[in-house]
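>>> model the structure of this input:
(4 chains)
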There are 2 protein chains.
Amino acid sequence: MIKKDSIKRRNTYQRQLILEILKSTTAHPTADWIYEQARKEIPNISLGTVYRNLKILKEEGLIIELTDGKQSRFDARIDNHYHFKCEKCGSIYDIEPEDIEINHSLEFKGFSIDTVDVNITGVCSKCNGENA
Amino acid sequence: MIKKDSIKRRNTYQRQLILEILKSTTAHPTADWIYEQARKEIPNISLGTVYRNLKILKEEGLIIELTDGKQSRFDARIDNHYHFKCEKCGSIYDIEPEDIEINHSLEFKGFSIDTVDVNITGVCSKCNGENA
DNA sequence: CTATGTGCAAAGTGTTTGCAAATTT
DNA sequence: AAATTTGCAAACACTTTGCACATAG
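Reported below is the predicted structural model:
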């Protein structure tokens, strides 16, 4: 497999906008939601463009993709953190690294670690408060 | 939304077979792989049946579903454990709970915890050994 | 000018579903 | 006999892609 010389990326308005939209929220939106927001600025932007740019932004390490079931969600927060998903309202919350402590002993078994992803499910404080 | 009285499940050969197949491997297979195995016993079983039964087995708590990107993978191991995915060969390994220690302090914030899922990526010992 | 990116629509992929016939209880 | 399950094929939801035109560098 020959690694293609990395492509020279342009700074298109579409790409900038998509990144901006993603940076402006902590809601871990889907491609479709981003598309709807983007249409407010560029009414005829296409969903394909949104997907293509999300892929590029991810390749460039500017965003991450959360694979929550069938639908991908995207996150412009790229520093170390984890996620909590509320089973009632579906919201995804960030978990700060200091709120969770993980120690693993895998390297000694010959495994190299690249990423550690923690996903917690449960019921969020809002939903816990509002129900009996 | 009225919760329908739980359905009385039958013990179909198809369902039993699918569970057996899943129990016989630690490879965290996809629905399609299970389908191919099942066809060896029931040549005209349909993929739809495989999906329907996987969903039922999951509802009954007999298997779990791993959502690794687009494609679901299934696991008949339902006791507490985590997963490691090798970026080179794509294999998914089980991580024993004693190999990883997690402490979180989320309950105090009003969040109730239901499941804690840890997914680690990296390079497995096999791939680390075989390459330079 | 030229390679990269866009919009559009069509195609792809994994999964779900409607239906009539078959099967379990 | 009644309700669940099956196989089949069509439908789905999300994502990717081919193409001709547009645009950034």
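>>> how many neighbours does A:Ile18 have?
Using other CB atoms under 10 Å in any protein chain shown, A:Ile18 is surrounded by 29 other residues. The way it works is simple: take the backbone N, C-alpha and C, and place the C-beta from them, glycine included.
>>> I'd say it and A:Arg52 touch.
No - using CB atoms under 8 Å as the test, A:Ile18 is too far from A:Arg52 to be in contact (9.7 Å).
>>> is any part of the host helix or strand of A:Ile34 close to chain B?
Secondary structure assignment for A:Ile34, by DSSP states H and E: helix A:31-41. No - using CB under 8 Å from any CB of the partner chain, helix A:31-41 stays clear of chain B, with a minimum separation of 13.2 Å.
>>> chain center to that helix: distance?
Per CA atoms, centre = their mean, to the nearest Å, the displacement of helix A:31-41 from the mean C-alpha position of its chain is 16 Å.
>>> and that helix, what does it pack onto?
Here helix A:31-41 touches helix A:13-23, helix A:47-59, strand A:71-75, going by 3 or more CB pairs under 8 Å, 6 or more residues apart in numbering or on different chains; DSSP states H and E.
>>> which ones are touching the closest residue to A:Gly69 other than its chain neighbours?
With CB to CB, 6 or more residues apart in numbering or on different chains as the criterion, A:Gly69 has its nearest non-adjacent residue at 5.5 Å, and that residue is B:Thr67. Going by CB atoms under 8 Å, 6 or more residues apart in numbering or on different chains, B:Thr67 touches A:Thr67, A:Asp68, A:Gly69, B:Arg73.
>>> just the buried members of those?
Among the contacts of B:Thr67, those buried by neighbour count (16 or more other CB atoms under 10 Å in any protein chain shown) are A:Asp68, B:Arg73.
>>> nearest to A:Lys126 among the contacts of B:Thr67?
The closest of those to A:Lys126 turns out to be A:Asp68 (CB to CB; 18.7 Å).
>>> the closest one reaches A:Lys85, doesn't it?
Yes - taking CB under 8 Å as the definition, A:Asp68 is a contact partner of A:Lys85 at 6.8 Å.
>>> what residues do the two have in common as contacts?
Shared contacts of A:Asp68 and A:Lys85 (CB under 8 Å, 6+ apart): A:Ile92.
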